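**Student:** got a predicted model here, sequence first, then my questions.
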Amino acid sequence: MREQANVIKTLKVRVKDKHKAILNRMAFETNQVWNAANAETSEWCYIPIPEVGYIRNNISAFDLQKWLKGIKKARGFIIPAVTVQEIIAVHAKARKQFKKDKLKWRASGGARRSLGFVPFKSTGIKWINGQVKFGGFFINVWDSYGLSKYNFKSGSFSEDSRGRWYFNIVVEVPQVKSIGIGEIGIDLGLKTTATCSDGTQLARKAFYRNSESKLGKAQRANKKKQVKSIHAKIKNQRNDAMHKFSTELVRNNGLIVIGNVSSSALAKTKMAKSVLDAGWHMLKTQLDYKSKGMLVEFVEVNEKYTTQMCSCCGEITANSPKGRTGLGIREWSCAECGTVHDRDINAAKNILRLGHQTLAVGIPAF
């Protein structure tokens, strides 16, 4: 049993549009610092040694801090010094994560313009009289969380594809144990995004396909703002449906088990649009962090053979649906015990059983 503790959450609230100009300037300055760090790491990532060749030079965030120490004053930046330090730290962390000496350049204009991003540390941000104080500026936000009750940690200002700005702040909150005592297995699919072992379903609404015609017309007419608006609408619709479904599951269950189907692999096939509409990765991510926040056990298992195996007797018979050729079989009866199965519910029950086995013996889920 997990001990109750605090959990880290990121709260996201909309910044009022009157602050766009100042945040756009800060985003431009962020890009300048990022690109300066990129230039330094590109130039000094390898050191020439006579008669030896080149040796790799591991450039740390500390090294970059020294090299770029005077950039804020020299270029007249309005972003705080702690934000310059945080940009360099984020750059160093990304290089380490992706094992690269140079990252992508951040463009401040043109067709490939990078969306605005301004990171900060806890020491660079304050909440004063219902406003965010940052770099000497007071920024108004639509406060839907009651931000005054939280201790701010790190975070960022970020821009979406429609040019709207958001304040993203990391906070620490107490875990609230779920009152749910149920147990649920989840089978992810294309016909239905998610089917649970109790028969509950998250229907696959074709968010992308329903907007594909409008999107195509806007793209052909080169209406960039409309294209961005349609993409944002698709994302918001999908995200809203996922949040409602995942929140309900976490509230009502103490154990959630899900199959490890790979959306990234299937996104490269002819089923790509259906896979992207299904939003499997988004659902898994939401279930994972919400489960941690409410002390719910969340397990991911290898779902191999879960569709073919009878959840009653455990046998795989000749008439069970197999591979892509069996995708059209939605209902089948077990030749061994005669039980009639709904394809997806049967798979979800087998996934739940695998979750029990994993927790019982402490083996990796896959």
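**Tutor:** In hand now; what should we look at?
**Student:** and for the closest residue to residue 333 other than its chain neighbours, the neighbour number?
**Tutor:** Sequence neighbours aside, residue 340 is the residue nearest to residue 333 in space, at 4.7 Å (criterion: Cβ to Cβ, 6 or more residues apart in numbering). The C-beta positions use only the backbone N, C-alpha and C, and glycine is treated the same way. By other Cβ atoms under 10 Å, the residues close to residue 340 number 9.
**Student:** what separates residue 340 from residue 83, distance-wise?
**Tutor:** 62 Å (Cβ to Cβ, to the nearest Å).
**Student:** circling back to that earlier point, give me the pLDDT value at the residue nearest to residue 333.
**Tutor:** We have a pLDDT of 91 for residue 340.
**Student:** can you pull the contacts of it?
**Tutor:** 331-334 (Cβ atoms under 8 Å, 6 or more residues apart in numbering).
**Student:** now tabulate these in CSV and tack on distance to residue 319 and neighbour count.
**Tutor:** Output for the contacts of residue 340, formatted as CSV (distance: Cβ to Cβ, whole Å; neighbours: other Cβ atoms under 10 Å):
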residue, distance to residue 319, neighbour count
331, 11, 12
332, 6, 20
333, 7, 14
334, 8, 21
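**Student:** isn't residue 294 right up against residue 174?
**Tutor:** No: here residue 294 does not reach residue 174: they are 10.9 Å apart, not a contact under Cβ atoms under 8 Å.
**Student:** more neighbours, these two?
**Tutor:** residue 294 (19 against 10).
**Student:** next, give phi and psi for the more buried one.
**Tutor:** Main-chain torsions, residue 294, degrees, to the nearest 10: phi -120, psi 20.
**Student:** measure it to residue 141 for me?
**Tutor:** 26 Å.
**Student:** likewise for residue 150?
**Tutor:** Taken as Cβ to Cβ, the span from residue 150 to residue 141 is 13 Å.
**Student:** which one's more surrounded, those two?
**Tutor:** The residue with more neighbours, out of residue 150 and residue 141, is residue 141; 22 against 16, by other Cβ under 10 Å.
**Student:** name the residues of the lengthiest helix in the chain that are buried.
**Tutor:** What stands out as the longest helix in the chain, according to DSSP state H, is helix 224-252. For helix 224-252, the neighbour count (16 or more other Cβ atoms under 10 Å) marks 227, 229-231, 234-235, 238, 241-242, 245-246, 249-250, 252 as buried.
**Student:** which stretches of the stretch 251-366 of the chain form strands?
**Tutor:** Listed from the start of the chain, the stretch 251-366 of the chain has strands (DSSP state E, counting those that start in this stretch) covering 253-259, 297-301, 331-333, 340-342.
**Student:** export the ones you listed as TSV, with columns for distance to residue 285.
**Tutor:** Shown next, in TSV, are the strands of the stretch 251-366 of the chain (distance: least, Cβ to Cβ, whole Å):
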stretch	distance to residue 285
strand 253-259	11
strand 297-301	11
strand 331-333	31
strand 340-342	27
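**Student:** low-confidence ranges in the stretch 1-150 of the chain?
**Tutor:** Applying pLDDT under 70 to the stretch 1-150 of the chain picks out residues 1-4.
**Student:** ok, back up a step: could you work out the most separated pair of the contacts of residue 340?
**Tutor:** Using Cβ to Cβ, the contacts of residue 340 span at most 11.6 Å, a distance reached by 331 and 334.
**Student:** who touches both of those two?
**Tutor:** Counting by Cβ under 8 Å, 6+ apart, the common neighbours of residue 331 and residue 334 are 340-341.
**Student:** can you give me the domain assignment for the protein?
**Tutor:** Split into domains by automatic domain parsing, the chain comes to 6-174, 182-361.
**Student:** which one of the ones you listed is the most hemmed in?
**Tutor:** domain 182-361 (a mean of 17; mean count of other Cβ atoms under 10 Å).
**Student:** so residue 40 is in which element?
**Tutor:** helix 20-44 (DSSP states H and E).
**Student:** just name whatever secondary elements that helix is in contact with.
**Tutor:** Packing contacts for helix 20-44, counted by 3 or more Cβ pairs under 8 Å, 6 or more residues apart in numbering; DSSP states H and E, involve helix 61-67, helix 71-75, helix 81-98, strand 117-120, strand 137-139, strand 155-159.
**Student:** closest one to residue 308 among these?
**Tutor:** Residue 308 sits nearest to helix 81-98 of all the helices and strands packed on helix 20-44, at 38.1 Å, using Cβ to Cβ.
**Student:** packing partners of that closest one?
**Tutor:** For helix 81-98, the packing partners by 3+ Cβ pairs under 8 Å, 6+ apart come out as helix 20-44, helix 61-67, helix 71-75, strand 117-120.
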